[in-house]
Each structure stands twice: as structure tokens, then as C-alpha cells.
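Undergrad: Mind looking at a prediction? Sequence and model below.
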Amino acid sequence: MHFGQLRTYGEGTRPAVVEVNSEGLCVKFNLWSSTKNIGGRNIRIIVAESIFVRRDVSLNLAENNTMPINLCDSIIGEMTGKKSVDILRRVFHYENFRGKQEEAIDSICRRQNTVLVMPTGGGKSICYAVPALMEQKIVVVIFPLLALLLDQVERMKSRGLNVCFLMNDMDDMERQSVIHKLHFNPPEYNCLFLTPETVLSSSVFDLISKLSADNLINFFVIDEAHCVDTWGFHFRPSYSELWRLGTLGCPLLAMTGIVTSRTLETIIKNLKLSNDTTVIKQVCNRPNLFYHVVDKTSNGCDKIVSIVQESFSGQCGIIYCIERRDTAEVAYHIQKAGLNAVFFHAAMDVHAKQATVESWKAGIAHIICATVAFGMGIDKSNVKFVIHYSIPKDFESYVQESGRAGRDGSEAHCFILFRFEDRTKHMRNICSLPDSDRKDVSLQGLNDVVKYCITPFCRRKQIVHYFDNNDHSGDECQRTCDICASDEFVQPVD
């Protein structure tokens, strides 16, 4: 029972605590006082939070995904081996790290600025989620898209992590509650998720600065860091300002799926990372993906229907289109052929977009016809094919988008429907850019994709060598591209 005056609900003020014990659970209510404007009158209210504390804190996490609020206390104290491996097994239920995950975790735990290049499906989120549970501080994660951010929040909560987010149109009380808890020492949250625009707003940047000064921030994460290059010039100028996070005295982990050496240099330069920054690159070769380039005749829809009906009937796939109107048109044509398809583009109503994506993720719709606005951060393991209705704008985009197939490690296929005239659609966009190095890079990127489509040389080798000339992991294609499978192979001449 509590007697006396409640403290005002604000930044880090301690609550009064009321405990209720019932049927093996101790329920703690944290209480503060506050005011709320109701009908033009300031009404005094009590803010209450409840925390359920289990009697047995040594839970069998393999059988129960629900964790205590303070996960660090209940797991790390019992560890007998390496903390990161123990957390991976007991929280995320993976036996061992994959690829470069452990190297990236070790780097950020040494407080090193780190750039991680890991192909789609490589498990980048593990690289910040595991360290978030190794120390009772907040990991601040920057995501490019709000929908992607909210999806990741739900995924982390399903694993038992205590995470939060801030956005501009949040309810005032909800926002105040999050900010209040962020000031706890030790913090109640493992991760705070933000978009670039939100983190750079004056109020949130001041908040982050204060948390950093109070030694409550572990490190910063910039996911999809290639957007610093591709979006940071004109489309999303806030990306070019993310270097300001580096002034707050915490290490930074920049993660991206796949980049050229030029894009990697741009990321390091624009984020103003120090010379001792650790760069960790995982090869982009995905042996389970089969690559095809198919001549596009007529409008291409008949070819898509043929591919799906012959090889992927009833299976999950993505069809990428350049223009919004193409998404609806392609979906309509393949629906007429009896295929289960929906379409998606950025101009759709937000509720329609959400319903479309959920329908596809749940397997109600097998195929989604979408612009490149769809797919970033989508974690669906059973995508069996990705078809590009027209040529992608550059190699980076193609590898990112085609890489959404086969995330479960099983065989999957990637197709480009090629017609040289489709290059004109991209050229219109490139010509609209102001004269700059960026315009030249965009033109070169488009030409590289055209060369990939028309050169009768192993597709896999072309992809791998594009990103790293010294990477020979794709030298053994094993007939997993249309060129090697047909034996129409020629040795390219420099």
C-alpha cells in the first residue's frame, strides 16, 4: 500500500509501487500523477503501469517465447559460455551464427564503428538484436520506411525483446510514456526504432543527445545504409544528415544488403566514419538462386503466365514492375489466366496497401505484382520466384530485389523479362536528374544491367564479379543460370 504524494509523470521520475500477489504472480503497479486536458479542463489523473513478474525466473526459453521485462537479469547471469552465442541459442533458437554475423557482433561490442555488407536473407537483424541483450543500454535503430520499422518492432517483440518507437503522429500520452521510460537507468527498453526524419527532428535529437550524455545508449544502427547514397541526394535529404549521430560519442553500425566499392566509399564518407572503421563484407553469391533472362514479347504477361503455370503453380512469388499502372495491368492479366495475384504500389490507400501485403504474407494471395516500393525488409522465407517485368534500374537494385527469393535456402528462380525498349523508361527518369556525378552513375548502372542481359556469359559470375572482382565464389555456377544450363557460353573479352 502507498501513502503520500505521487510524483509527476515525466522524464525519469521514479514511481510509487503497489504490489498485488495472486495465484503465483506478483503484479507490480507503478504509479505517477499527471494532468490531461478533457473538454477544455485540466483533469488530474493517475498514470499506472503493470509489470508481471514470474515466480520462476529461470524459464525454459526454448518452450516459451515470452520473456521477463528485464531479460538481461534473467538470462545473462546464468551464462556459462560466450554471451552472444548463449543469447542466440536461448532467445532466437539458432544453434550457430551464420556468415559474418559473429564477426559483426564482436566488432560492435568492441565499440568499433562498423559497416556490414550482408546479402538479403543473411540475418542482419541478429547483428544488433544480440548485442542489445548483452548490455543494459538502448540500441537506437534507424529504418528507412515506417512500415518496415513497425514490422521489425513486432518481430522483435515476438522474440521477447522490450522495444519501442517514436513517430510524429503518435498519441501524446503514448509518446510521453515512451520518452519517460527511455530515461530509466537501467533502461526498460532494449531498442528504440526511428526513421531518419524522426531522429533528426529537433525534439528527438535533443532526447537522443541527453540519453547519450547520461550513458544510456549502447550504439546506433542504420539499416539499409545504401539509402545514404541512393536516397540521400534528392529524395530523402535527411539521409545525408545522419552523420550527426556520430557526434554523440556512441559507435555506429551501418548495414546494407549489397554494395559496390563506390557505394561503400560513399556510405563511409557521408556518415563521416573514422579511418579505423571496420568493414565486414559477406560474399553476394546465393547458390540456391537460379538466374534467367527471357526475351520479352508483346506485353510480357503471356510469358509470365507460362513461367508460373509450368514451374510455380500455387507457389509464392513477386513480380516487379517499373510503373504503377503496370502492377494493376499485370495482376489483371494473370488473374484472367487463373493465377492468384494482387498488386501493390506506393500511391495506394494505406489500408489497401496493408491488406494487400498481409494477404500475400499469409499465403492467401500467391503472387504480388509491385513496384520497387515493396519488398525492403520483407521477411518471407518461401518466395520461390522473382520476376522483373522490365529490366531493373541497376545491379544493386536487381540483387536486392531478386534476393527476396529463396530465403529459406531452398531452390528459387530469378527472371528478367528483357526488351531493349524498356531501357527508355529508366532513361526518362535519369534525364530528369540534374547534371551531376549521380546522373552519370545512374546511367552507368542501367547500362551494366543491359550488358548483363545481352551478354552470353555466366549470369552468376557477372553478378559476383560486379561487386567484387576478387570474389571467385561464383566461378562454379553448377548450371544454375540459363547460359550455363544451355551451354551457350562465351569467354568475355575486356
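TA: Okay, I see it.
Undergrad: contacts and neighbour counts: CA atoms only from here.
TA: Noted.
Undergrad: Could you tell me the end-to-end distance of stretch 224-242?
TA: From its first residue to its last, stretch 224-242 covers 13 Å (C-alpha to C-alpha, to the nearest Å).
Undergrad: could you give me the average pLDDT of that stretch?
TA: What stretch 224-242 shows for mean pLDDT is 75.
Undergrad: Once you drop chain neighbours, what's closest to residue 483?
TA: residue 458 (5.7 Å; C-alpha to C-alpha, 6 or more residues apart in numbering).
Undergrad: Over to residue 145?
TA: By the measure of C-alpha to C-alpha, 6+ apart, the closest residue to residue 145 outside its immediate chain neighbours is residue 195, 6.7 Å from it.
Undergrad: circling back: tell me who's in contact with the residue nearest to residue 483.
TA: Residue 458 is in contact with 477, 481, 483, 484, 489, counting by C-alpha atoms under 8 Å, 6 or more residues apart in numbering.
Undergrad: Turn those residues into CSV, columns for secondary structure.
TA: Listed next are the contacts of residue 458 as CSV, based on DSSP: H, G, I helix; E, B strand; the rest coil:
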residue, secondary structure
477, coil
481, strand
483, helix
484, helix
489, coil
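Undergrad: now those as TSV including pLDDT?
TA: Converted to TSV, these look like this (pLDDT from 0 to 100):
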residue	pLDDT
477	89
481	95
483	94
484	93
489	50
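Undergrad: which outside residues touch the longest helix seen in the chain?
TA: In the chain, taking DSSP state H as the definition, the longest helix is helix 437-454. Residues outside helix 437-454 that contact it (C-alpha under 8 Å, 6+ apart): 293, 391-395, 418, 420, 423, 426-427, 430-431, 433, 459, 462.
Undergrad: Can you say which two of these are spatially most distant?
TA: Largest separation among the contacts of helix 437-454 by C-alpha to C-alpha: 433 and 459, giving 30.0 Å.
Undergrad: Please say which of these two ends up with more neighbours.
TA: residue 459 (22 against 13; other C-alpha atoms under 10 Å).
Undergrad: Can you give me the separation between the more buried one and residue 288?
TA: Per C-alpha to C-alpha, residue 459 is found 14 Å from residue 288.
Undergrad: same check, this time on residue 371
TA: 25 Å.
Undergrad: Residue 429 should be in a helix, yeah?
TA: Yes: under three-state DSSP, residue 429 sits within a helix.
Undergrad: What is the burial count for it?
TA: A count of nearby residues for residue 429, using other C-alpha under 10 Å, gives 12.
Undergrad: Just to check, residue 197 is in contact with residue 240?
TA: No: look at residue 197 against residue 240 with C-alpha atoms under 8 Å: they stay out of range, at 10.9 Å.
Undergrad: which ones are touching residue 376?
TA: For residue 376, the contacting residues are residue 148, by C-alpha under 8 Å, 6+ apart.
Undergrad: do residue 331 as well
TA: By C-alpha under 8 Å, 6+ apart, the neighbours of residue 331 are 341, 342, 343, 368, 369.
Undergrad: do residue 221 as well
TA: 128, 139, 140, 141, 142, 252, 253, 254, 255.
Undergrad: cool, residue 47 as well?
TA: By C-alpha under 8 Å, 6+ apart, the contact set of residue 47 is 9, 31, 32, 33, 34.
Undergrad: just residue 330 next, same as before
TA: Counting by C-alpha under 8 Å, 6+ apart, the residues that residue 330 touches are 301, 369.
Undergrad: any idea how far residue 110 is from it?
TA: Counting by C-alpha to C-alpha, the gap from residue 330 to residue 110 is 50 Å.
Undergrad: sorry, back to before: quickly note the distance from the residue nearest to residue 483 to residue 207.
TA: 52 Å.
Undergrad: Packing partners of the helix or strand where residue 208 lies?
TA: According to DSSP states H and E, residue 208 maps onto helix 202-213. Contacts defined by 3 or more C-alpha pairs under 8 Å, 6 or more residues apart in numbering; DSSP states H and E place helix 202-213 against helix 196-199.
Undergrad: The helix it packs on - what's its average pLDDT?
TA: For helix 196-199, mean pLDDT is 93.
Undergrad: now that helix, how far from the chain's geometric center?
TA: Put simply, helix 196-199 sits 16 Å off its chain's centre (C-alpha atoms, centre = their mean, to the nearest Å).
Undergrad: contact partners of it?
TA: 142, 143, 144, 166, 167, 168, 204, 205, 208, 238, 239, 242.
Undergrad: The same query, at a cut-off of 6 Å, please.
TA: The contact list for helix 196-199 (C-alpha atoms under 6 Å, 6 or more residues apart in numbering) reads 205, 238.
Undergrad: which of the residues in stretch 149-166 are buried?
TA: By neighbour count on 16 or more other C-alpha atoms under 10 Å, the buried set for stretch 149-166 is 149-150, 152-153, 156, 159-166.
Undergrad: ok, then the element right after the worst-scoring helix or strand of the chain on mean pLDDT?
TA: For the chain, counting by mean pLDDT, DSSP states H and E, helix 71-75 ranks last in confidence among helices and strands (a mean of 43). Once the chain leaves helix 71-75, the next helix or strand it forms, by DSSP H and E, is helix 83-91.
Undergrad: Report the rounded mean pLDDT for that next one.
TA: Over the span of helix 83-91, the pLDDT mean works out to 90.
Undergrad: returning to that earlier point: let me see the contact set for the residue nearest to residue 145.
TA: 142, 143, 144.
Undergrad: Would you mind putting the residues you listed into a markdown table with secondary structure, distance to residue 212 and pLDDT alongside?
TA: Shown next, in a markdown table, are the contacts of residue 195 (DSSP: H, G, I helix; E, B strand; the rest coil; distance: C-alpha to C-alpha, whole Å; pLDDT from 0 to 100):
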| residue | secondary structure | distance to residue 212 | pLDDT |
| --- | --- | --- | --- |
| 142 | strand | 16 | 95 |
| 143 | coil | 20 | 90 |
| 144 | coil | 22 | 84 |
